[in-house]
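Colleague: Fold the following, please.
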Amino acid sequence: MPYATEFTSHHDLRTVFRVEPHAEDDATRHALAARDGDPVAVAAFVRSTQADVWRLCAALVDPQSADDLAQECYLRALKALPGFAGRSTARTWLLGIARRTCADHLRSLMRRRRLDVLLRLHARQESVAPQESIAVNDLLEHLHPDRRAAFVLTQLAGLTYAEAAEVEEVAIGTIRSRVARARDELTTLWDRTATA
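Modeller: The predicted structure is shown next:
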C-alpha cells in the first residue's frame, strides 16, 4: 500500500492510470483526443457517431425530433467528455447519453401533457355552475389521489382510457380499475349525502 498515499484524489488516479482498452476504434480515438483538448478531434468524433445517435433518437422518440435530440446529446456529451475514461467504446458511452436525453425529453412531454389536461379541466370547471362544482369537488376530495386522477381524467376531462393511462404512466387496465372503484366510492358517498 505504499503507493496509495501518493495520490490525493480519484482524478489523480484517473490521470495516472488511463485505462483505454477501446482506443482501437476511430470514434473512441477521436473522443479521447477531444477529451485531451484536440479541437479537430471533436469534429471527427461527432462525424463518426452522428448517424448512430440520430437513428437511436429517431427510434426512441420520432424522426421529427431526432435532430434536436441529437444536438442535445452532443451538448451533454461534450460537457461530460473530460470524464470519459475509455472503459467502454465512445459509441457505447455516447448512445447511453442519447438514451438518457430521449428519456428526459419524453418525461418532459408527459409533464406538458399533464399540464394541458389540468388546464382543460380547469376551463371546463369554470363553465359549470358554482354550486355543482363545489359539490363535485367535495365528493372528489374523498377519493384516493390515484382514483381521483383516473376519474377526473376520463370522466371530467374527457380523455380516453388510453390517454389517461399515458398521462398517469400506468397500464390501461389500471386506469379502468381505478375509475370503477372511484365510481363505486362516489356512488356510496352520494347516497350518504342524499339521505343525510
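Colleague: contacting residues around stretch 36-43?
Modeller: His30, Ala31, Leu32, Ala33, Ala34, Leu78 (C-beta atoms under 8 Å, 6 or more residues apart in numbering). Placement of C-beta: from N, CA and C, glycine included.
Colleague: okay, and for the protein, where does confidence drop off?
Modeller: Applying pLDDT under 70 to the chain flags the ranges 1-24, 111-112, 114-136, 194-196.
Colleague: give me that answer again for 90
Modeller: Across the chain, the ranges flagged by pLDDT under 90 are 1-25, 60-62, 85-88, 103-104, 106-170, 182-196.
Colleague: Would you map out the domains in it?
Modeller: Using automatic domain parsing, the domain parsing of the chain gives 4-106, 128-195.
Colleague: Looking at these, which is nearest to Arg113?
Modeller: domain 128-195 (5.7 Å; C-beta to C-beta).
Colleague: Grab the nearest non-local neighbour of Leu60.
Modeller: Cys102 (4.1 Å; C-beta to C-beta, 6 or more residues apart in numbering).
Colleague: The one you found reaches Asp62, doesn't it?
Modeller: No: using C-beta atoms under 8 Å, Cys102 is not in contact with Asp62; the gap is 10.0 Å.
Colleague: who touches the helix or strand containing Ser65?
Modeller: Using DSSP states H and E, Ser65 sits in helix 63-80. With C-beta under 8 Å, 6+ apart as the test, helix 63-80 has contacts from 34, 42, 46, 50, 53-55, 57-58, 61, 93-94, 97-98, 100-102, 105.
Colleague: Same question for stretch 101-114.
Modeller: Leu56, Cys57, Leu60, Val61, Ser65, Leu69, Glu72, Cys73, Arg76, Glu166, Val167, Glu169.
Colleague: which among the residues you listed end up buried?
Modeller: Among the contacts of stretch 101-114, those classed as buried by 16 or more other C-beta atoms under 10 Å are Leu56, Cys57, Leu60, Val61, Ser65, Leu69, Glu72, Cys73, Arg76, Glu166, Val167.
Colleague: Make TSV from those residues and add distance to Asp184 to it.
Modeller: TSV is the format used below for those (distance: C-beta to C-beta, whole Å):
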residue	distance to Asp184
Leu56	45
Cys57	44
Leu60	39
Val61	39
Ser65	41
Leu69	43
Glu72	46
Cys73	47
Arg76	47
Glu166	24
Val167	22
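Colleague: Tell me the one among those residues nearest to Arg147.
Modeller: The closest of the buried ones among the contacts of stretch 101-114, once distances to Arg147 are taken by C-beta to C-beta, is Val167, at 14.5 Å.
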